[in-house]
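[1] okay, predicted coordinates and the sequence, questions at the end:
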Amino acid sequence: MQGPLVRAQRSPSSAPLPERRYIFAQRLDCARLQRRFPASPFPPILATAKSHCHCRVRWQDAQVISQRAHLGGHGQCCFTLIEMLITLALILIMVTMMYSFSSKGHQQTQKEVCAKNLQTIYLALDIYSKENNGTLPFVAGARTSEEPLSTLVPRYTVASEAFTCPGSKDDPLPNGESFAKRRISYAYLMGQRVGVPGGLLMSDRQANTLPKQAGQQVFSANGEPPGNNHHKYGGSLLHLDGRTESIGTKAPFALSWSTNVTFLNPK
């Protein structure tokens, strides 16, 4: 049998509390109540407890009823519209930071795809080298990497899309068509020979065409062009032995080449 509904009065000396706090009495047990609330700020509660020793209070019920009284009797806790909008805005900001085009996580994933693109191009260069006595595409007076590399398509590869870095904003290339008059994403060292250990053959678009000493800038440091295929998170290198490597914005070792080699950035 349920006991009466007991109303707890607020102590004037206590901190501000809800004006109406109720305790649902069910077989109030004085000893248990005093043990559970040894320093209760509600003396009227203890006084009521002493006068109703045949009942027991469940604190969970007291909390529920207190919440209902505080919310005007509706008995439901809910977000206000402003709180919900703020929560959604924070979630949107976090998702944008983690998965946007220029985020670090996104660009790290794109660098892995970029390395696969460079290996695809290396296979075409290797076939070209074997058919041309160890030499690689060379166009006298070339000023951009599109000129010599376009000779690979479509004879040595039809995968034109491999010449576009997925981390860049360059337009995709149609497969099987020459891109001599289009734009690719990769730099090329014209005059190198395949198989030479330690030498550099290709890379993402670099900040400039000069050799670099260890610690010097290779790719964009702020996400602005040039050298920003992967925003401000470095780029990929393709070595003469076919090995790919991902680096940061600065050279971890010297990137140099002989005087008969020409470094060509794309358009």
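    That came through, no problem. The model shown is predicted, which means the values in this text are computed figures rather than measured ones.
[2] which residues of the chain score low on pLDDT?
    1-79, 95-107 (pLDDT under 70).
[3] which residues in it form helices?
    With DSSP state H as the definition, the chain shows helices at residue ranges 30-36, 43-51, 59-70, 81-99, 104-131, 146-149.
[4] the fourth one vs helix 104-131, what angle?
    In other words, helix 81-99. 20 degrees (axes from the mean of the first three to the mean of the last three C-alpha atoms, to 10 degrees).
[5] list the buried ones in helix 81-99?
    Across helix 81-99, burial judged by 16 or more other C-beta atoms under 10 Å covers no residue at all. In this view, the C-beta of every residue, glycine as well, is placed from N, C-alpha and C.
[6] against residue 136, how distant is residue 231?
    30 Å (C-beta to C-beta, to the nearest Å).
[7] this protein: strands as residue ranges?
    Remark: strands assigned in the chain by DSSP state E are 5-8, 21-28, 55-57, 186-190, 200-204, 235-239, 244-247, 262-264.
[8] tell me who's in contact with the nearest residue to residue 128 once chain neighbours are set aside.
    In space, and not counting its chain neighbours, residue 128 is closest to residue 156: 5.1 Å by C-beta to C-beta, 6 or more residues apart in numbering. Taking C-beta atoms under 8 Å, 6 or more residues apart in numbering as the criterion, residue 156 is in contact with 124-125, 127-128.
[9] report the buried members of those residues.
    For these, buried by 16+ other C-beta under 10 Å: 124-125, 128.
[10] let me know the closest of those to residue 241.
    Sorting the buried ones among the contacts of residue 156 by distance to residue 241 puts residue 125 at the head of the list, at 12.0 Å, by C-beta to C-beta.
[11] quick check, that closest one in contact with residue 201.
    Yes: here residue 125 lies in contact with residue 201, judged by C-beta atoms under 8 Å, at a distance of 7.4 Å.
[12] between those two, what contacts are shared?
    Counting by C-beta under 8 Å, 6+ apart, the residues touching both residue 125 and residue 201 are 136, 194.
[13] I'd like to know how far residue 234 sits from residue 248.
    For residue 234, the distance to residue 248 - C-beta to C-beta - is 4 Å.
[14] break the protein into its domains for me.
    5-70, 105-264 (automatic domain parsing).
[15] what's the spacing between residue 165 and residue 159?
    Residue 165 is 14 Å from residue 159, by C-beta to C-beta.
[16] just residue 219 next, same as before
    24 Å.
[17] neighbour count winner among these two?
    The residue with more neighbours, out of residue 219 and residue 159, is residue 219; 26 against 17, by other C-beta atoms under 10 Å.
[18] so that one is in contact with residue 236, correct?
    No: between residue 219 and residue 236 there is no contact under C-beta under 8 Å: 9.7 Å.
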